[in-house]
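*Asks:* sequence first, then the predicted structure:
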Amino acid sequence: MIATSISLHVVTPERQLLQESVDSLQLPGQKGYLGILPGHAALITELGYGELSYRKGKDLRHLTVMGGYAEVLADRVIVLAEVSERAEEINVDRARAAKERAEKLMGKPGDKDVDWDVAMLALRRALIRLQVAAKGGAVAAAEDHHTAP
Amino acid sequence: MPTLIDFRRRIRSVKNTQQITRAMKFVAAAKLRRSQEAVFAARPYAREMRHVLQSAISRIENPQHLLLARRQEERILLWLVTGDKGLCGAFNTNVIRKGLEFAREHAEQKLDVIAAGKKGRDALRKRKASLVAEYVNISGKVEFSHAKEISGKVIEAYSAGEIDAVYAIYNEFKSVLAQRLIVEKLLPIEQAELRSPEPAAIVDYIYEQPAAEILNSLLPRHVEAQVFRVLLESAAAEHAARMTAMDSATNNAAELIDSITLHMNKVRQASITREIIEIVSGAASTA
């Protein structure tokens, strides 16, 4: 039987973020994004930092994913993320502040006190959060428009 | 002979204590609910992690990894998980007692100890155990970063060959009324535990990276998840223990108040009787 939907599980050490049936999804693999449709070949991969998006009917939703693993089966995808959050959970102000902080740190290349890798990771996390939040916000705004009288 | 005012004072003081213990009981109950939810919320991750690990490990002929390697246990690291505060019955004492028992059993090996929680740390310091690391004030709010830190330290020492095995002693949250004291081996990871019970279900995976590479990075994550689970279990168990301890303290205070009140009434009655006798006999003598 050919699967027509994927049951997507997203778990982090602290909680179960998502467990629902979706039509397709995109995963941030370590070497680029992976598009997954129902019936995908079984796969295990390490995840990078990026955005996980999934489509359910007309709805396109986004999550942040920061590292972890994913197991893909024909009708099921398990994402073991180290950190993950929904678009609407992201604190945009905090992410923006983190981005500015990281950029400031990286602006002084000669400084020995700056841990380049840490700053780089912080910047990447902040950028992904901002990107996902922006997309999530757009969806929410569109919904508002529909519900307005 | 104590006067009425003494009894009243005594009752008031017991009542104050009772109010405090009752408040602590409610606080513990609220915290218990939260930490219980945290325990349940962390379970899916541990379950899925085990699942992925199982399928990865069963794909490899002869899995070789430092964290799976069994060595002669000559240097042991013991991780003692207690709470930071007292007033929770035998919660901390049990762990410490078990730890000492463990040390006696392994007297011929070299034993290093890591303490999580102030109570365990203080007890170990007093006994001059070789304390290599301590993590205090984390049971209030357990975060994954704590687990990462502890497991990082443990894995590093194990990989460097400084230690041959890692054991944890902690209280498992069994139910609100019962905690179970657990002695668990964290490292080396028992391979049998990871073997899939149903080998027929194994799928031929595509790997983005070589299977061994995935395994190498998955195993430390697995240890992290285990450490995190232990921390959460212990925190929930601590709140449960405190709640029961404070509940019985509140009941004991109520009993004490009853018995003091009874005693007070007896004394009061005796003094009234005596006064009546005095009046009556005074009246009789003037008549």
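*Replies:* Thanks, I have the structure now.
*Asks:* show me what counts as buried in stretch B:97-116.
*Replies:* B:98-99, B:102-103, B:106, B:111-116 (16 or more other Cβ atoms under 10 Å in any protein chain shown). The C-beta positions use only the backbone N, C-alpha and C, and glycine is treated the same way.
*Asks:* show me where the chain has its helices.
*Replies:* Because you didn't say which chain, this covers chain A. Assigned by DSSP state H, the helices in chain A fall at A:92-106, A:116-147.
*Asks:* I was after chain B.
*Replies:* B:4-58, B:91-105, B:118-126, B:144-159, B:191-194, B:211-286.
*Asks:* how far is the first one from where the chain is centred?
*Replies:* This points to helix B:4-58. The chain centroid and the centroid of helix B:4-58 are separated by 10 Å under Cα atoms, centre = their mean, to the nearest Å.
*Asks:* quick one: list the elements packing against it.
*Replies:* strand A:6-11, strand A:16-22, strand A:43-56, strand A:59-73, strand A:76-86, helix B:191-194, helix B:211-286 (3 or more Cβ pairs under 8 Å, 6 or more residues apart in numbering or on different chains; DSSP states H and E).
*Asks:* hey, what's the spatially most central residue of chain A bridged with?
*Replies:* Nearest to the geometric centre of chain A sits A:T64, at 2.3 Å (Cα atoms, centre = their mean). Beta bridges link A:T64 to A:E51, A:E85, judged by DSSP bridges.
*Asks:* ok, it touching A:R129?
*Replies:* Yes: assessed by Cβ atoms under 8 Å, A:T64 is found in contact with A:R129 at 5.7 Å.
*Asks:* who touches both of these two?
*Replies:* Common neighbours of A:T64 and A:R129 (criterion: Cβ atoms under 8 Å, 6 or more residues apart in numbering or on different chains): A:85, A:90.
*Asks:* sorry, back to before: now the weakest link among the helices of chain B, please, by mean pLDDT.
*Replies:* Note on the helices of chain B: helix B:191-194 shows the lowest mean pLDDT, a mean of 67.
*Asks:* between the two ends of stretch A:30-42, how far is it?
*Replies:* The straight-line separation of the ends of stretch A:30-42 (Cα to Cα, to the nearest Å) is 17 Å.
*Asks:* so which residues on the stretch 51-200 of chain B come close to chain A?
*Replies:* Counting by Cβ under 8 Å from any Cβ of the partner chain, the residues of the stretch 51-200 of chain B close to chain A are B:51-52, B:55-56, B:143-144, B:147.
*Asks:* between those residues, which is closest to B:Y170?
*Replies:* Nearest to B:Y170, judged by Cβ to Cβ, of these is B:A147 at 12.8 Å.
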